[in-house]
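1. Quick one: sequence and predicted model below, then my questions.
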2 protein chains.
Amino acid sequence: MARPDHEAEGQRDLAADAAVVEAGRPRRPTRSRRKAGEPAGADNNIDILDCAAQCFMEMGFQGTSIDDVARRLGATKGRIYHYYASKTDLFFDVHREGMRRLNEAVSAVMKSDGTGRETLRAMLEAHALTMLQNIAYLAVVVQGVHMHRLAATTLAQRQVLDEIMAIRRDFEKLFADVFRRGQADGSIRAGNASIAVKGMLGAVNWTAVWYRPRANETLADKQKIARELATLQVEGVA
Amino acid sequence: MARPDHEAEGQRDLAADAAVVEAGRPRRPTRSRRKAGEPAGADNNIDILDCAAQCFMEMGFQGTSIDDVARRLGATKGRIYHYYASKTDLFFDVHREGMRRLNEAVSAVMKSDGTGRETLRAMLEAHALTMLQNIAYLAVVVQGVHMHRLAATTLAQRQVLDEIMAIRRDFEKLFADVFRRGQADGSIRAGNASIAVKGMLGAVNWTAVWYRPRANETLADKQKIARELATLQVEGVA
DNA sequence: ATTGCAACATACTCAGTAGTATGTTTAATT
DNA sequence: AATTAAACATACTACTGAGTATGTTGCAAT
């Protein structure tokens, strides 16, 4: 499977003459066509999603042009617009994929039958680790919070945005519910659950701002950061 | 485009470093014409800054047009470009004002002669309260973190951005230093100070994402939120 | 009472960009 | 072998928006 070229080669501005030279170059080998009965899996678009996520993380939604994404892909707009009706839809799909990974990771540790506090801690750590492992996608998710309804012009887009925000609310509610369960079983002290959860999620989500994977960083390194963040939120500094 | 700003600074010859500091600041400190013997006084550009902060918070830097800011001002671009050389410079000035207010509030509680943990808690609470009281300016500050060096095209802008980021680093170091002081005096347990501080600041900075003042919200309400956030970070949930 | 300039407003330019229309290649199917 | 449609690339349009050039007004010092 062809990989996108992450090291944007020769991203110097294409002058008119350069475009002429480019025009005659041999075509890139195209991706294999879908098999006969194969469903149109999202696997065709994963390259697009990856590059889009990276661009959106680095330059923001408004700061990223479709041509930027295409250039990082080593392709042109044509390829992106073949799969996505609009830039907003592309952003939404990255957002949705990010939330899917997040939900998956956090849901997996929710079955734990420990106290509310123990479960909460596990959820926070899973959340943090997922952030560190999918920083581009999750940075887009974090940006999406701001987007409220600004770039959503069409009715369909507004509906998708409403759906996404509902998912976000449900996700936050997951934590709030466990928090209150902890208050009920005495493992978490009294206090405003909503504010507490917003604080804790903020500490974890903030990784989208400062964290960038270093070279040779191992999974253990990421786990250590995730554990420290989660521990701090549950046990404080004392 | 992007030509150097050679506008008549006729008065005096500015040293190079002074020019860097002055870069991006309002060309003139006053709005209404100065009276005869009147001192320069507080900059009345605060109207522009306020509107810009609000727009940047609601729509982001890239999503805000100068016309948007002007419309909110009840004016036109002419007014804004009379004081600011570029949109980026305007953003930087809002950012700088936000950081100024933040530094002021946090520095004020740093003199406390309590333990590291007590001081840290006071700093976090002051930080949080300042966020809630200046949400537009501080939302811009939070955005500014992302901006790294993307929108900074000219040399002068890049220098201003470097200056701003240095201020941000110093600010974070304030917390890290107190954190380590707390570890030294035994009021804070061992652990990676850098990650811990990033987590705590994240919890507080995250208010820029979710907090919007409600109607009839009193100072006491804000203080309560700030106290809960700070307490959570220091004492955890147990 | 005139002049100079700050403080704007108005009216443009022009580069960048989202989206479209259409051409071209390739692989599966007939 | 011919056909067809997916998977792109190319070329174009229309518009937004940053920045500029220039006009206008009102106050203040002369």
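-> Alright, I've got the coordinates.
2. so where do the strands sit in chain A?
-> Using DSSP state E, no strands are assigned anywhere in chain A.
3. Where does it get nearest to DNA strand D, residue-wise?
-> Proximity of chain A to DNA strand D (CB to the nearest atom of the strand) peaks at residue A:78, 2.0 Å away. Every C-beta, even on glycine, is put in place using the N, C-alpha and C of the backbone.
4. What score does that residue have for pLDDT?
-> For residue A:78, the pLDDT comes out at 97.
5. What's the separation between it and residue A:84?
-> Between residue A:78 and residue A:84 the computed distance is 12 Å (CB to CB, to the nearest Å).
6. So which of these two has more stuff around it?
-> Taking other CB atoms under 10 Å in any protein chain shown, residue A:78 and residue A:84 do not tie; residue A:84 has more neighbours (20 against 8).
7. Could I get the contacting residues of the more buried one?
-> A:48, A:90, A:93 (CB atoms under 8 Å, 6 or more residues apart in numbering or on different chains).
8. Residue A:196 against residue B:230, yeah?
-> No: Residue A:196 is beyond contact range of residue B:230, at 11.7 Å (criterion: CB atoms under 8 Å).
9. Give me the residue at the spatial middle of chain A.
-> Against the mean C-alpha coordinate of chain A, by CA atoms, centre = their mean, the closest residue is residue A:137 at 2.1 Å.
10. what's near enough to touch residue A:121?
-> Counted by CB under 8 Å, 6+ apart, residue A:121 has contacts A:230, A:231, A:233, A:234.
11. Make a markdown table out of these and add distance to DNA strand C and pLDDT.
-> Formatted as a markdown table, those follow (distance: CB to the nearest atom of the strand, whole Å; pLDDT from 0 to 100):
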| residue | distance to DNA strand C | pLDDT |
| --- | --- | --- |
| A:230 | 37 | 98 |
| A:231 | 41 | 97 |
| A:233 | 37 | 98 |
| A:234 | 42 | 98 |
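12. So which of those wins on neighbours?
-> Neighbour max across the contacts of residue A:121 (other CB under 10 Å) = residue A:233, 29 neighbours.
13. Find the nearest non-adjacent residue to that one, please.
-> residue A:200 (4.5 Å; CB to CB, 6 or more residues apart in numbering or on different chains).
14. In contact with the residue nearest to the centre of chain A, which residues?
-> A:49, A:53, A:94, A:97, A:98, A:101.
15. my read: the second one touches residue A:140, true?
-> Yes: with contacts defined as CB under 8 Å, residue A:53 counts as touching residue A:140 at a distance of 5.5 Å.
16. Show me the helices in chain A, by range?
-> Ranges of helices within chain A are A:16-23, A:46-59, A:66-73, A:77-83, A:87-108, A:116-133, A:135-146, A:155-184, A:193-205, A:207-210, A:219-235, based on DSSP state H.
17. is the third one up against chain B anywhere?
-> By that I understand helix A:66-73. No: using CB under 8 Å from any CB of the partner chain, helix A:66-73 never reaches chain B; the gap is at least 11.3 Å.
18. angle of that helix against helix A:87-108?
-> Taking axes from the mean of the first three to the mean of the last three CA atoms, to 10 degrees, helix A:66-73 and helix A:87-108 form an angle of 60 degrees between their directions.
19. quick one: contacts for residue A:64?
-> Counting by CB under 8 Å, 6+ apart, residue A:64 touches A:52, A:55, A:56, A:58, A:87.
20. Apart from its chain neighbours, what residue comes closest to residue A:234?
-> In space, residue A:234 is closest to residue A:121, 4.5 Å off (CB to CB, 6+ apart).
21. Need the pLDDT of that neighbour.
-> Predicted confidence (pLDDT) for residue A:121: 97.
22. related to what we said a few turns ago, among the contacts of residue A:64, which one has the lowest pLDDT?
-> Across those, the bottom pLDDT score, 93, is held by residue A:58.
23. gap between it and DNA strand C?
-> For residue A:58, the distance to DNA strand C (CB to the nearest atom of the strand, to the nearest Å) stands at 13 Å.
24. what about that residue, how many residues close to it?
-> Residue A:58 has 16 neighbouring residues, counting by other CB under 10 Å.
25. again with residue A:237
-> 25.
26. low-confidence ranges in chain A?
-> Scanning chain A for pLDDT under 70 picks out A:1-44, A:149-151.
27. change it to 50
-> A:1-43 (pLDDT under 50).
28. Give me the distance between residue A:89 and residue A:61.
-> 12 Å.
29. quick one: which of those two has more around it?
-> A side-by-side neighbour count of residue A:89 and residue A:61, using other CB under 10 Å, places residue A:61 first with 24 against 15.
30. In contact with the more buried one, which residues?
-> Contacts for residue A:61 (CB under 8 Å, 6+ apart) come out as A:87, A:91, A:143, A:147, A:151, B:62.
31. so what's the fourth one closest to, chain neighbours aside?
-> Once flanking residues are discounted, residue A:147 sits nearest to residue A:61: 6.8 Å by CB to CB, 6+ apart.
32. Which one (most neighbours) among the contacts of residue A:64?
-> residue A:52 leads these on contacts (other CB under 10 Å) with 30 neighbours.
33. From residue A:61, how far off is it?
-> 10 Å.
34. What of residue A:193?
-> 31 Å.
35. What of residue A:111?
-> Counting by CB to CB, the gap between residue A:111 and residue A:61 amounts to 35 Å.
36. What's the local residue count around the closest residue to residue A:190 other than its chain neighbours?
-> Spatial nearest neighbour of residue A:190, excluding adjacent residues (CB to CB, 6+ apart): residue A:183 at 6.2 Å. Residue A:183: 18 surrounding residues under other CB under 10 Å.
37. Residue A:192 too?
-> Residues near residue A:192, counting by other CB under 10 Å: 15.
38. wouldn't it be in contact with residue B:228 here?
-> Yes: counting by CB under 8 Å, residue A:192 does reach residue B:228; the two are 5.8 Å apart.
39. picking that back up, kindly indicate which of the contacts of residue A:84 lies nearest residue A:218.
-> Nearest to residue A:218 among these is residue A:48, at 28.6 Å by CB to CB.
40. ok, that closest one - how many residues close by?
-> Other residues close to residue A:48 by other CB under 10 Å number 24.
41. Next: residue A:67.
-> 11.
42. Now that the residue nearest to residue A:233 has come up, it's in contact with residue B:229, right?
-> No: if you go by CB under 8 Å, residue A:200 and residue B:229 don't touch, sitting 10.0 Å apart.
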